[in-house]
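Colleague: need coordinates for the following:
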Amino acid sequence: MSSEFLFATLVNLGINLVYTIVALIVAVAALLWVDRKMMPSISFEEELRKGNIAVAIFASSLMFFVALIVTFGFKG
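Modeller: Predicted coordinates:
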């Protein structure tokens, strides 16, 4: 294995890791925005502490779709 191939692989891995972290941060920010602005009478954090599975599924699906949108936006 040549050193150029290894370097290119590590650079690609680093870029993908940065995309993933940025997508995760944007998804969490979007979830908090939805929690505060669109559903002020329902607190996701409080419902999660109570063990509400429906809120957990909704929050995770929202984060997943926001991450997909951000990732496709980065890749062009």
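Colleague: what ranges do the helices span in this protein?
Modeller: Along the chain, the stretches classed as helices by DSSP state H are 3-33, 44-50, 53-75.
Colleague: so who does the most centrally placed residue in the chain touch?
Modeller: In the chain, the residue lying closest to the centroid (Cα atoms, centre = their mean) is Leu24, at 2.8 Å. By Cβ atoms under 8 Å, 6 or more residues apart in numbering, the contact set of Leu24 is 63, 67. Quick note: C-beta positions are derived from backbone N, CA and C, even for glycine.
Colleague: circling back to that earlier point, save the helices of the chain as TSV, and put in mean pLDDT too.
Modeller: Shown next, in TSV, are the helices of the chain (pLDDT from 0 to 100):
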stretch	mean pLDDT
helix 3-33	84
helix 44-50	87
helix 53-75	81
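Colleague: separation between the residue nearest to the centre of the chain and Leu13?
Modeller: Distance of Leu24 to Leu13, computed by Cβ to Cβ, to the nearest Å: 16 Å.
Colleague: please apply the same query to Arg36.
Modeller: In this view, Arg36 and Leu13 are 35 Å apart by Cβ to Cβ.
Colleague: repeat that for Ser2.
Modeller: Going from Ser2 to Leu13 by Cβ to Cβ gives 17 Å.
Colleague: the two: which is more packed in?
Modeller: The neighbour comparison of Ser2 against Leu13 (other Cβ atoms under 10 Å) goes to Leu13, with 10 against 7.
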